[in-house]
Structures are given as C-alpha cells and as structure tokens.
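# With the sequence up front, the predicted model follows.
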Amino acid sequence: MPKPAHLNFYIDPNRCIGCQACVQACTECDTHRGESMIHLEFVNRAQSVQTVPVVCMHCEQPTCAEVCPADAIKRTGDGVVQSALKPRCIACGNCVLACPFGVPEVNDERQIMMKCDMCYDRTSSGKKPMCATVCPSQALFFGTREQIDQLRPLSEPINRFQFGNQTISTRVFVMAPKQIARVQPHLDVTAAMDESPQSRAVLLKVVADPFEDVQI
Amino acid sequence: MATIPVDDLTITREFGPHLSRMSGASLSTATEPDRLVRTHCCFCGQQCGIQLKVKDNQVIGFEPWEEFPFNRGMLCPKGVKRYLQGSHPDRLLTALHRDSSAAGGFRQMPYEQAIAKVASEIARLQHAHGNSAIGLLGGASLTTEKTYLLGKFARVCLKTPYIDYNGRLCMVSAGAANRKAFGIDRTTNPWSDMIGTDVIWVAGSNVAECSPITTNYIWQARELGAKVIVQDPRITPIARTCDLFLPVKPGRDAALFAGVLNLMIERGWIDREFIDAHTVGFDAVAKYCSEWTLARTAEVTGVPSRSLLQAAEWWGTAKTSFLFHARGIEHHSNGVQNALGTINLVLASGRLGKPKSGYGTIVGQANGQGGREHGQKCDQLPGCRDIANPEHRKYIAGVWGIDESDMPGAGVDAYEMFRKIDAGEIKGLIAICFNPKVSLPDSHFIERCLDKLEFFVSIDFFLNDTARHADIVLPGSLQEEDEGLVTQVEGRVIKINKAVDCPGEARQDWIIIQDIAKALERPFGFTFGSPREIFEELRRASKGGVADYSGITYEKVESRMGVFWPCYSEDPQTGEAVDHPGTPRLFEAGSYNPVAKGAGPFYFPDGKARFNVADYRAPVDDACEEFPLFLTTGRVVSQFLSGTQTRRIGPLVDQYPEPRIEMHPRLAARLGIHDEDWTVVETRRGAMTLRAMVVTSIRPDTVFVPYHWPGEKSPNRLTVAAQDPISKIPQYKVCGCRVRKAEAAPEYSRILEPQQ
C-alpha cells in the first residue's frame, strides 16, 4: 500500500526545541532499527538555542537517485524516495555528496547508504512517521494540508528550494513565516548561507540581546 | 553506622550506573510483541500516554498512544527510551545487606530474611528510643495508592510522626500558595483551555526541557494569536521565540510581580468588579505593591523598565490569559511568596475559572499532584486533610479503625528530618523513591547524616546513591511492574497499568511495606490484596476532603481516559449518590463546592479567594563581593531528577553525558575561560570542576549547572540548605558563587564513565 496522497510531512524549524525525541524515536523504526536517519543540529549553540531537524525532503527529481551509478535509489509512485536497495548499493557515496540537503549517509559497517524513507513501514500502512508522531512541539507534523492551514495560520508551507541556479521541488514542506513566503515562493538556501542573509525562515534570535544592560 | 561499606568506585563498578542499550528483542525487527499495554510514562508530571510492547514478560519497546487526549502520541526522548530501564543489568533482583567483604560491598540475602531483619531493627530502635526514632521518606513518583499506604504505615504501623517525601523539593511552594489563595491545591484548567487565549505568562519554567508536551499547547495558542511572556534568567527554547522576555535576576521574582501589579493598579488595568465580588485582602496587597515603583522594580529585578511596562500592559489589558509557573520561582527561600505574587496577578485580572483563562503550576514528578494529596506529607492526612485538625483526625482514625489519640501529630519536612538524624533523635530510616544524597542541597551534610543512622533500609529497583548507605536494600518494583493511579499536571487522575511481573525476588512496593508490617506483628490495616483494594479505602478516606476521590473508580478512569478531581460519590449539594463526571475546570462562576457551600466558587467558607501580601526578601547567601555570581540549577531534557533511571539508559546518556556549567561569553572572557575548558565553581559549601559551555543564552551574572549527577558532579554539594519558612522548599535556584578556570582536569574525568 502506498503512503496516502492526502497526508504530507511538514517541518516547522521555528518550533524545534532540540529535545531529540525525533532522533531517539527514529531508532525505533522497523526499517532501520537502532539507527537514526534524522539530523538534528544546533545552528550555532554559542549564539542561540535554535535547532533544526532535517529529514529526507523526498525530492520530485531526487538528485541522489540521478547521481547513483548503480540505480539503487528508487522513488515510489507515492513520491517517497526510498533508501538504497540492498543488492544494488555499492556504498560509493555519490548520493551523500550530491544531496543538496545533506541527508544520506553511508553506513560503513553495512556498506550501504541509509536515509529517511518517511517511515515507509508505517506510512504505507496508514500510520504517521515515528518522528512526527512523538515530536512534542510538533515541529515535525504529518497530516493534511487542511489541518496544517488551520493549525498554523501564521505560516505557509513551502516546497521549492533554490540552490544557486537549481530549483528543487520536494514532497516534504517547510513552514515559513507568511510574510516571507508571500514575497519569495521558494526558500533561497544558498543565499541563506551568506554571513548576513536578507531573510531566514529560521530565526536564530527573536528577542534582541536581553542581557545587554547586565553588569558583571 | 550507615556508612558506605566500601569506596564509591567499587560500589559503582558492581551496581552501576551501567548503560542499557537496544539489543535482542528490542533491536530485532522480526520480534512481534505478545501485547501492547496502554499506560503512561514513568517520568515527569505530564504523564504522557504510551503503549509498551511486551514480549515474554519483558518490555521490548513502545508504540505511541495517539488516542490519549493529553499528548496524542507525543513523547519526549525520555518517554521514547523509558522502556530500556527494564531488563537492566543493574536491576536489583534480590534483597541485599551491607557486607564490606562482598563484591561491591553488598551481599544478596533471601527476601524473607531481609524483611525479618528490617522488622527486628525497627522494633529494637522503637523499644529503646520510642516510636519517633524511626523516620520514613516517600516520593511523588509512586502511585497514589502507594503514597496513601506510606502515610498510613507511618501513622498506624510505625506510629511515628516522621514521614515526608521528595515533593518537598518540588511542589510544596505552589501547594502552600494555592491553599492560602484558593483553599484548594490544583491547577485550575485542562491544558486544552489554553488554545485561543490572549496572553500566556510562563514564570520560571523551562517548559521545552522539563515538560516538553506543554510546548505544543503554548505554541498552538501562539499560532492563534496569544502573546507569550517568559520570565527566566536563561533564554530557554520556549523563551527564544517568545513575544516578551523578562530576564529576571535569580531570586527576584516576588519583586517583579509586585512591580507589575503596581503598574496595573496605577493604570487601572485590574478587574475591580471581580476583586470586590470574589476576593478579600486586595487593599493590603495594593498598599504593599505601591512601594514597588517602576524604577525600584527594574533596579531589583534586573528587568528593564520598558519590559516591565509591556508585561503590565499585556497582562493588564488582556481579555483572556493563562499564567504558569514551576520550580524557577518556587525553588527559593521565598518560594511561597513568589507563587503568591503570580496568584495576585491572576486574581487582580479576574481571569480564572473560564474556558480560556486559568492558572497552573507545572508539576515535576509523575505523581507530583496525587502524591501531595493523600498523606505522605508530614502534616497531612488523606484527601488533603490537616493532621492538626481534630475533625480530620477523627474521620481518618475512623477509616483506619484506630483510636484518634493513637495517631501521631505533625512531623517535620524532609530536610528537618535529616537535622533530627544529625541530632540523634531519628535513629532509623526507611526510604523509598527518594535519593536525598543527590537531590537535597548542601549534600555533604546529608551524607554525614546518613552515616550517623543506626539502621537504614532502602527500597529501590536500582542501588541509588543514597541506598549505598543502607544496612538492608529491598528490591522494589519499576513503574511497569505494578498498577495504580496517578494524578498528572492538569489534575487528571489516570491509570498506570502493569505490563510485566517483578523479576527475581523483587516485589511490588505495597507488598514490601505490608510484609514489614506483618513481620513487626502489626498487620492491622495492612492486609490489602491489590492496589485496587488500597484505592477503595483511599476513596473512603478522601471522601469529604478537599481532594475528594470518592467518585473515582479504575473503570471510570480507563473508560474516560482520566477523571479530574474533585470527583464525588455523593453530590456535595444534595447528598444524593451520583455518577459524578469530575471537575476539569475549577472556580467556574456559580459552581458549588463543599467548603463554600454555595457562597462562591473558591474553597473557603465565604467562597472568596484570598489576596496575600507577597513579600520580596533577598535570597539567603545572595551574590556578594566574595561570591559575586549567581549559581542556579535545573534539568536537561534527556535526564530526570537524580538520574537513578535515566543515567542507566544509554541513548539518553549519549544525548547529554555529563553536567556542564553554562556561562555567558562576556563572563567567560573576563575569566579567561573558553568553551569546553575545565572550570571550577565554588560556593561557601564546596567546589566542583566541570566543563564550560559558553553561550549567550544566560544572564552574564549567572551560571547554570544541571543537577542529575551524583558525587563530584553534583551541584547540590554547592547549593544552600536555606528553606522557605512556610513550604520548607530548598533554595536550589540561587546562591552566591565564584568561578575560575581549573588548573587541571578533575580526577573523576579519568576514572568515571560519564553517567557515574
């Protein structure tokens, strides 16, 4: 059974509290028990408690699959980009280098690339992915477009990302503040890597330095 | 003398903490569980619903329980990995007795023999020194049935006044303030009431790390327009995106509340009509607050005037609101006053007892609410009754079938019990679900007191740090090995279900307590056959008390996924038997309660809430010339309390292995300290060395150390044993300290594993 078409994955990094419930829960999934496929990083812990969870974005035209010399990465009809096929993957790491989101990793011990498959064992049987089920702040959300529109009226789901000249469309959405989404229908990822980007969907600090007056 | 039998390191090598990891059935994807057991997490007061996967009498994993209304499947990392505490290599499978010739200092002994020894030692000490020579320490992670049984055991079997519990470190400031202001000690509304409110004020609560599920409620309210105010010396994850951050100097909370209320009064941002109709005591509070001018409040609290004004305006002019507080304002020698300060803000606004308006304290432990209601507190009898009240004594003596005159009076708080051990008044101690050697302040003193005990018995499932002093250790039960009720953060009574049997010779805690009573030849009242039988008696004991559980049954709790107390078996107004639905929301207009008898919604005879002057007092052992910085302590998301359980779960230890000292880069630069440097923090009680974590998310005059580790990694060797005069809660959240770069790495870093 495919993942139901009306259910989507939404990432809302502004809600992330860095608790790692998703990382811990990911290790419980049947397709990769014991290993987490989620990347959860502090953006810059010295400056902020902001963290960002990254799951596979499930690209419409997956770069990882396009660069795979062994044709080991398949995208199923429901839009889920599957983890590498065991008999085919040669653990060359091309996908690791090519993925614009930095998602796949080569498991050296098993000599295979592993990545998030949107909990295919769960989503293909009508359940929610483990990470989005447990996420206590619902920075990871799995549900319908109607639900997310109703729950997050201040944000807009975006699934187009600009990397230099390449635009990538994905099955996974990132929630961006509405005022940003209105003027910019895609997230310019390379521009956001500038020292002082014009706009970010992820805000490192929201309050101005509250401690500037504190004397020590 | 209850000294540790061999050195700490030798005990650690034998009894841990060692780490458990996924292996065998929990790692295999081919293993199908025999069944899923619907229950709740064993850790914090959120009490998330969870389904445990059980195979061959072992918990091998979990499955989210999306139907449970509070968390709808959501869990924090502790909940996700809680199943790894079962089948653990450190699990105590037999009774132990101290024997310095045994590996690790303890030798196994048959259970019956251990119980006999415990009973004979208790009898010996009580015969020689009187009944009060024995003390009992309980805990708020136990089910309500167990806490009830402990209270009864102390008063009926041991006949000692000396019982108290680890909620003394947790909920007592909030509880005392609630009783003084409302006459009842419970959060006012279910969390779902928060959605759609105008303003949420979070005072001293690291919600994202200590009560993670509450984050989603607060942020869902924000999505729908709520402004969020956070008051904290640290920019915690909930503070990062708040609308107004109040970076309060540690220990100045009462001043902040007084200053804000003064602004509200000056500008007419109060609900005069509500104050006149439903409260008493406002004028005295207004007079006190008038001393707190904006300039003085800003000066004392360290919060800029513009932020105080903004808080007063948003809070004062909101139509609906919620205020939450937790240990950040409660862990103070002024903790009750701090909590009363928040309540004054709520009462002046007139906003509670309504669907989108309420007030609550976020409980810390699993049964932080239920565990403080039914008699394991030193001055309390079941149903939140008062042990000094003749009528209350008479009623409970009747339920227990004893003569009222045989019931001891009020005891003393847990810390004071240690002072009595020090003074030689308490000579024997029974402890369960409490690890005071790690969790009480100025813990060198606690260690010395443990050493002085003539007899110490500890009931636990792992050999915790305090139990290392025990003469006898009895193997108790994990949460998943027993059933019973707990009351979570909202006041919702829920059911813990048994998933597996106790392994080896381990027993359910209520059986152990009753076995001791039997061996003492004092079995009267301790012949319950199940937790359900205990609860049936608790229903009768709580009946007519403020915390009335008489209408609650196991079946009602399970079929309704929780019941909010008070829940009556007889309608308090008519006296007729009812199938009462419970009370999700307190203080609703026109509501009837058995104390006010229709006079008003609050639990006083006149039905009115009380304003209390919430006096600011500077902290004890405040920052000074010699110790110029504030030391504050708290939790991290992947660990829980003294870490007896969570420091044994590998993936949780990996997430945050060892305590670090958080400090601002401006302070670090002045001290010549870089991120990761070994750093010494020192107070009047002692010093510890740990790695620095240099971050801009903390006040530059404050350092933070989490408290989940023992020994040289424990900041409670440094904290001050100052206590609130009313609640007796210790002042964990502030004391003066000084900080310097360490000359070398501490010895422990070469010897101990991170979790040890």
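Noted; the coordinates are in hand. This is a predicted model, so every value here is computed, not measured.
# all contacts plus neighbour counts: C-alpha atoms, from now on.
OK.
# which stretches of chain A form strands?
Taking DSSP state E, the strands of chain A run over residues A:8-11, A:39-42, A:51-54, A:105-107, A:112-114, A:140-143, A:155-163, A:166-177, A:187-188.
# hey, least reliable of those strands by pLDDT?
Note on these: lowest mean pLDDT is at strand A:187-188, with a mean of 79.
# want to try TSV for the strands of chain A, with mean neighbour count as columns?
Shown next, in TSV, are those (neighbours: other CA atoms under 10 Å in any protein chain shown):
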stretch	mean neighbour count
strand A:8-11	22
strand A:39-42	16
strand A:51-54	20
strand A:105-107	17
strand A:112-114	24
strand A:140-143	21
strand A:155-163	20
strand A:166-177	20
strand A:187-188	21
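# and these as a markdown table, adding distance to chain B?
Output for these, formatted as a markdown table (distance: least, CA to the nearest CA, whole Å):
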| stretch | distance to chain B |
| --- | --- |
| strand A:8-11 | 14 |
| strand A:39-42 | 12 |
| strand A:51-54 | 9 |
| strand A:105-107 | 17 |
| strand A:112-114 | 17 |
| strand A:140-143 | 11 |
| strand A:155-163 | 9 |
| strand A:166-177 | 11 |
| strand A:187-188 | 21 |
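# between those, which one is nearest to residue B:244?
Taking CA to CA, strand A:166-177 is the member of the strands of chain A nearest to residue B:244, at 18.9 Å.
# circling back: I'd like to know which of the strands of chain A is closest to residue B:534.
Closest to residue B:534 of the strands of chain A is strand A:140-143 (CA to CA; 42.1 Å).
# For the closest one, which helices and strands make contact with it?
strand A:8-11, helix A:130-134 (3 or more CA pairs under 8 Å, 6 or more residues apart in numbering or on different chains; DSSP states H and E).
# any chance of the strands of chain A in CSV, plus distance to residue B:566?
Converted to CSV, the strands of chain A look like this (distance: least, CA to CA, whole Å):
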stretch, distance to residue B:566
strand A:8-11, 40
strand A:39-42, 43
strand A:51-54, 41
strand A:105-107, 54
strand A:112-114, 52
strand A:140-143, 36
strand A:155-163, 40
strand A:166-177, 42
strand A:187-188, 52
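# Tell me the secondary structure at the closest residue to chain A within the stretch 401-550 of chain B.
Going by CA to the nearest CA, chain A is nearest to residue B:489 of the stretch 401-550 of chain B, at 15.8 Å. The local conformation at residue B:489, judged by DSSP: H, G, I helix; E, B strand; the rest coil, is coil.
# Do you know the pLDDT at it?
Looking at residue B:489, its pLDDT is 97.
# Give the burial count for it, as a bare number.
Residue B:489 has 29 neighbours, counted by other CA atoms under 10 Å in any protein chain shown.
# Could you save the helices and strands packed on strand A:140-143 as CSV and add columns showing distance to residue A:93?
Below are these laid out as CSV (distance: least, CA to CA, whole Å):
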stretch, distance to residue A:93
strand A:8-11, 26
helix A:130-134, 25
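# Would you mind giving the domain segments of chain B?
Per the record, chain B has its domains at B:21-85, B:95-170+B:368-524, B:172-361, B:629-751, by automatic domain parsing.
# check whether the shortest one contacts chain A.
Yes - taking CA under 8 Å from any CA of the partner chain as the criterion, domain B:21-85 and chain A are in contact, through B:22, B:27-29, B:61, B:64, B:73-78, B:80-81.
# measure that domain end to end?
End-to-end distance for domain B:21-85: 9 Å, by CA to CA, to the nearest Å.
# Likewise for the second one?
The stretch domain B:95-170+B:368-524 measures 25 Å between its terminal residues, going by CA to CA.
# thinking again about what came up before, so the residue of the stretch 401-550 of chain B closest to chain A touches residue B:371, yeah?
No - if you go by CA atoms under 8 Å, residue B:489 and residue B:371 don't touch, sitting 11.6 Å apart.
# Quick one, grab the pLDDT at residue B:562.
98.
# who's in contact with it?
Residue B:562 makes contacts with B:492, B:493, B:494, B:495, B:556, as judged by CA atoms under 8 Å, 6 or more residues apart in numbering or on different chains.
# Likewise for residue B:437?
By CA under 8 Å, 6+ apart, the contact list for residue B:437 reads B:443, B:446, B:447, B:465, B:466, B:710.
# Could you work out the most separated pair of the residues you listed?
B:446 and B:710 (12.7 Å).
# Pull the contacting residues for residue A:28.
Contacts of residue A:28 (CA under 8 Å, 6+ apart): A:34, A:35, A:130, B:61.
# Next, check those against the helices and list the overlap.
The helices, defined by DSSP state H, take in residue A:130 from these.
# Tell me the buried residues in stretch A:177-193?
Neighbour counts over stretch A:177-193 (16 or more other CA atoms under 10 Å in any protein chain shown) mark A:177, A:178, A:180, A:181, A:186, A:187, A:188, A:189, A:191, A:192 as buried.
# residues in chain A within reach of chain B, list them.
So chain A meets chain B at A:14-15, A:17-22, A:24-25, A:28, A:30-31, A:33-34, A:45-50, A:133-138, A:151-154, A:205-207, A:210-211, A:214-216 (CA under 8 Å from any CA).
# give me that answer again for 7 Å
Contact residues (CA under 7 Å from any CA of the partner chain) of chain A with chain B: A:17, A:19-21, A:24-25, A:30, A:33-34, A:45-49, A:133-138, A:152-154, A:205-207, A:210-211, A:214, A:216.
# Drop anything exposed from these.
Among those, those scoring as buried are A:17, A:19-21, A:24-25, A:30, A:33-34, A:45, A:47-49, A:133-138, A:152, A:154, A:205, A:210-211 (criterion: 16+ other CA under 10 Å).
# where do the strands sit along the stretch 451-600 of chain B?
Taking DSSP state E, counting those that start in this stretch, the strands of the stretch 451-600 of chain B run over residues B:455-460, B:472-475, B:484-487, B:492-496, B:563-564.
# Export the ones you listed to JSON lines and append columns for distance to residue B:722 and mean neighbour count.
As requested, the strands of the stretch 451-600 of chain B are arranged in JSON lines below (distance: least, CA to CA, whole Å; neighbours: other CA atoms under 10 Å in any protein chain shown):
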{"stretch": "strand B:455-460", "distance to residue B:722": "26", "mean neighbour count": "26"}
{"stretch": "strand B:472-475", "distance to residue B:722": "31", "mean neighbour count": "30"}
{"stretch": "strand B:484-487", "distance to residue B:722": "29", "mean neighbour count": "25"}
{"stretch": "strand B:492-496", "distance to residue B:722": "33", "mean neighbour count": "25"}
{"stretch": "strand B:563-564", "distance to residue B:722": "35", "mean neighbour count": "25"}
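# Reformat those as TSV; add distance to residue B:34.
Below are the strands of the stretch 451-600 of chain B laid out as TSV (distance: least, CA to CA, whole Å):
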stretch	distance to residue B:34
strand B:455-460	28
strand B:472-475	26
strand B:484-487	22
strand B:492-496	19
strand B:563-564	29
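# Okay, and the beta partners of residue B:50?
residue B:39, residue B:64 (DSSP bridges).
# For it, give me the pLDDT.
Listed pLDDT for residue B:50 reads 98.
# Count residues in the vicinity of it, would you?
Applying other CA under 10 Å, we find 27 residues neighbouring residue B:50.
# just checking, it touches residue B:67?
No - if you go by CA atoms under 7 Å, residue B:50 and residue B:67 don't touch, sitting 9.8 Å apart.
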